[in-house]
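Q: Generate coordinates for the sequence data below:
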Amino acid sequence: MSIYWMRTAEVYPTSGWHRKAFMAFDPAARFPRLHMVEGDETIGNVHLIEGGLQSGHWQWSMTVSLPGPRYGRPTNGVEPDRGAAARRVIEVYRHYLATRPEQDPRRA
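A: Model (predicted):
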C-alpha cells in the first residue's frame with residue numbers, strides 16, 4: 001500500500017480543523033514512539049493558508065524525525081497549490097528516509 005491522505009478533520013473530528021487541511025500516512029512504516037498506538041504512521045500535512053500575503057497558497061510540513069544527524073534540507077514550506085504541496089511532503093519524506101537507511105522504518 002502506498003502513502004495516502006485524509007482530511008485532518010476526519011482524523012481528529014473534535015479538533016476543529018477546517019476541511020482544507022490534510023494529513024499524509026505511510027502504512028508501510030513503523031516509527032519508534034514513546035507510546036504505541038494502532039494505525040498507520042503520519043508523515044506530514046498540508047493546509048490552505050487563509051489570509052495574509054500567502055493567502056491561497058498551501059503550507060506543507062514533513063513531520064517525521066528519527067534519531068541521527070540533523071537533516072539539512074527544509075522540512076516545511078509553501079507551494080502554490082495543494083498537489084505541489086503534497087508532492088513536496090512525499091519527496092522530502094522519501095529523501096529523508098534515504099539519508100537514514102539503517103533506521104528506515106519500512107525495513108522492520
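Q: Secondary structure element for the residue sitting nearest the centre point of the chain, which one?
A: The residue at the geometric middle of the chain, judged as the C-alpha nearest the mean C-alpha position with Cα atoms, centre = their mean, is Gly44 (0.8 Å). Using DSSP states H and E, the element containing Gly44 is strand 41-48.
Q: that older thread, what sits against the nearest residue to the residue nearest to the centre of the chain once chain neighbours are set aside?
A: Among residues not flanking Gly44 along the chain, Val89 sits closest, at 3.8 Å (Cβ to Cβ, 6 or more residues apart in numbering). (Glycine included, C-beta is placed from N, CA and C.) Listed by Cβ atoms under 8 Å, 6 or more residues apart in numbering, the contact set of Val89 reads 24, 43-46, 60-62.
Q: Out of the residues you listed, the closest to Glu79 would be?
A: Trp60 (6.2 Å; Cβ to Cβ).
Q: Return the distance of that closest one relative to Gly68.
A: As judged by Cβ to Cβ, to the nearest Å, Trp60 and Gly68 stand 22 Å apart.
Q: what's the neighbour count on the closest residue to Val64 other than its chain neighbours?
A: Sequence neighbours aside, Ile43 is the residue nearest to Val64 in space, at 5.4 Å (criterion: Cβ to Cβ, 6+ apart). Neighbour count of Ile43, defined by other Cβ atoms under 10 Å: 23.
Q: residues touching Ile43, list them.
A: By Cβ under 8 Å, 6+ apart, Ile43 lies in contact with 3, 24-26, 29, 62-64, 89-90, 93.
Q: change it to 10 Å
A: Taking Cβ atoms under 10 Å, 6 or more residues apart in numbering as the contact definition, Ile43 lies against 3, 23-26, 29, 31, 61-64, 89-90, 92-94, 96-97.
Q: Phe25 is in contact with Thr8, isn't it?
A: No: with contacts counted by Cβ atoms under 10 Å, Phe25 stays clear of Thr8, the gap being 11.4 Å.
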